[in-house]
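Undergrad: have a look; sequence and predicted model below, questions after that.
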Amino acid sequence: MCRFLLLKSKDVVEINVFLHKFAIMCYHSKCLDGDDQGDGWGFSYLDQNKRWQTYLSLEPVWEDVPKLKKKILTTHLVAHARSASFENQKGIIEYNQPFVFENFVFVFNGLLKGVRLPEIVPGRIGSQKIFNLFIKYIRSGATAQTALKETVDLLKNHCTFVQALNIGICDGQNLYYHNEYDPNTGEYYQLQFYENEQLQIICSEKLEGFG
């Protein structure tokens, strides 16, 4: 059960400010089972050559962000803080998001129960498998929006219960998302949105300074 952030700006912005706000939000956020979001984190940003640069860390986001001294300017940012579901899945940096494929950046949080897919999907943990499902549809020629819909439909048709299914995607131009959760979980899985003439933000919880 994790937290994520997607940002799109018309002009370049300094992302350190947003990462700091994201880190504070994650520090105060607790999972439904009481765990924190401290099992590592990562972010991807679009550089001046329109290529994704990714940073991953096993440290809690609120401890690691203050160490980032380099000022980073970008128009697109995707960040994710992890709360591992199982003890044996902690401390493995390959499990940290965002996941990147070509011009696509992917983040997920949620919990699906009783998943029985009709095909073998690469990946050791659920988020990797969901990402690889999305990439399968992209490779077949689907648009990001269609690939996201096909991924969600397949998962929902082959599981017994959706506690939450939140996916965020950026293709270097636009932001895409799916937000679905059992209302009995309260607001924990409810995505937050902010938009003005300059910015579009999708986040797991409200960021300080943004309504």
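TA: The structure has been received and is ready for your questions.
Undergrad: let me know the helix or strand that residue 105 is in.
TA: In this structure, residue 105 is located in strand 104-113 according to DSSP states H and E.
Undergrad: quick check: angle from the helix or strand just after that strand to strand 104-113?
TA: As assigned by DSSP H and E, the chain's next helix or strand after strand 104-113 is helix 126-139. Angle of helix 126-139 versus strand 104-113, following axes from the mean of the first three to the mean of the last three Cα atoms, to 10 degrees, is 130 degrees.
Undergrad: what residues sit buried inside helix 126-139?
TA: The neighbour-count check on helix 126-139 (16 or more other Cβ atoms under 10 Å) flags 126-138 as buried. The way it works is simple: take the backbone N, C-alpha and C, and place the C-beta from them, glycine included.
Undergrad: elements contacting that helix?
TA: Applying 3 or more Cβ pairs under 8 Å, 6 or more residues apart in numbering; DSSP states H and E, one finds that helix 126-139 contacts strand 99-101, strand 104-113, helix 144-157, strand 161-170.
Undergrad: mind listing what the residue nearest the centre of the chain touches?
TA: Compute the mean C-alpha point of the chain, and by Cα atoms, centre = their mean the closest residue is residue 107, 2.6 Å away. Counting by Cβ atoms under 8 Å, 6 or more residues apart in numbering, residue 107 touches 2, 4, 6, 78-80, 97-99, 167-169.
Undergrad: now it: how far from residue 176?
TA: Per Cβ to Cβ, to the nearest Å, residue 107 is found 11 Å from residue 176.
Undergrad: which neighbours do these two have in common?
TA: Contact criterion Cβ under 8 Å, 6+ apart; residues shared by residue 107 and residue 176: 168-169.
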